[in-house]
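Trainee: sequence first, predicted model second:
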Amino acid sequence: MIVTRDIQQTRQARGKLESLALVPTMGALHEGHRSLMRTARRHARHVAVSIFVNPAQFAAHEDLAKYPRPLEADLEACRAEGVDLVFVPTAGEMYPPGHCDMVVDVPALSSVLEGRYRPGHFRGVLRVVAKLFHIFSPQYACFGQKDFQQLRVIWAMCQALDFPIEIIACPIVREPDGLALSSRNMYLSPDERRRALSLSAALRRAESLYADGARQTNRLIAAMQQTLLEPNGLGHVPMAIDYVAAVDVAALHPIELITGPTALLLACRVGPTRLIDNTVLQSLDGTASTQPMM
Ligand code: AMP
């Protein structure tokens, strides 16, 4: 496994590889990231991972400084997954001193939902992902459906700018008790972690109402809000909802009546930690799906 620190070395190393699937990450790798690497391996002869805590996608009040950076363990995880190339740039390599600010954006998709609570976040994501796509020229890039809006925004960028890259959407990996894996789960105390189970419980409740025939999203949203706010034996750690939304998977517009593929999206603060989760409902056969939609 080759580990590179600068862009030039990375281009050289990539040049020696054949078909490539890229897995962009911010490190603190867990089983969710590793499932992306395994999916990448199924698509291409070679797999590259980038590990970069991208300052451009954090707002001033967010957790950039305390974001976990266990590099040795991350490299070990990449090695165990048979990754060929790992790019670990510094912020100075990606954004050299004196660089000009530049913006890649898909405002119709990036300004809603997460965009309302994290202004500028997707611009930061798109900027770094566009840069990584140019550095690696991969044939495939794998992203988790855990960050549903991010996946949608990146897919739209590729379409708009004609990146010849197939975006592979990978299903959410969860703990056995339902909690979606996230590097930010490390911030949770045992009590907060228990309370965080309300997120997946809310989604499961909505899926079960949907399976029983409910199609009005206000019913599903009310049930999810109730599940989130009632402790239901999960302890009394404060839970604040940023949003609970039902949107069509393509335009991310809120919908009232489910007639096509619909994403149920949640963002909540459990104590001081902000968590997101989602599920996609398919309308045709009445089942809930963990399968990617794009
Ligand atoms: P991050 O390191 O948080 O930027 O995530 C890197 C990639 O891993 C993104 O495409 C995420 O959507 C994906 N990812 C994070 N958590 C999970 C999970 N629990 N299941 C599947 N993919 C995930």
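Mentor: Perfect, thanks for sending it. Note that this is a predicted model, so its numbers are computed, not measured. Numbering: from 1, shown residues only.
Trainee: pull up the residues of the stretch 101-250 of the chain that are close to the ligand.
Mentor: Residues of the stretch 101-250 of the chain lying close to the ligand by Cβ under 6 Å from any ligand atom are 143, 144, 146, 147, 170, 172, 173, 180, 181, 182, 183. To be clear about C-beta, it is placed using only N, CA and C from the backbone, and glycine gets the same treatment.
Trainee: next up, the contacts around the fifth one.
Mentor: So the one you mean is residue 170. Residue 170 makes contact with 35, 36, 39, 142, 143, 144, 145, 292, according to Cβ atoms under 8 Å, 6 or more residues apart in numbering.
Trainee: show me these that map onto helices.
Mentor: Among those, DSSP state H puts 35, 36, 39 in helices.
Trainee: and the closest residue to the first one other than its chain neighbours, how many residues sit next to it?
Mentor: Meaning residue 35. Spatial nearest neighbour of residue 35, chain neighbours left out: residue 173 (5.1 Å); criterion: Cβ to Cβ, 6 or more residues apart in numbering. Here the count is done by other Cβ atoms under 10 Å, and residue 173 has 19 residues near it.
Trainee: can you check residue 117 too?
Mentor: Residue 117: 14 neighbours (other Cβ under 10 Å).
Trainee: so it touches residue 241, yeah?
Mentor: No: counting by Cβ atoms under 8 Å, residue 117 stays clear of residue 241, with 11.0 Å between them.
Trainee: joint contacts of those two?
Mentor: residue 267.
Trainee: residue of the stretch 101-250 of the chain nearest the ligand, please.
Mentor: Closest contact between the stretch 101-250 of the chain and the ligand, by Cβ to the nearest ligand atom, is at residue 144 (2.2 Å).
Trainee: okay, that residue: pLDDT?
Mentor: pLDDT, residue 144: 98.
Trainee: now it. Nearest residue, chain neighbours left out?
Mentor: Of all residues beyond its chain neighbours, the one nearest residue 144 is residue 170 (5.2 Å), with distances taken as Cβ to Cβ, 6+ apart.
Trainee: and the pLDDT at that neighbour?
Mentor: At residue 170, the model reports a pLDDT of 97.
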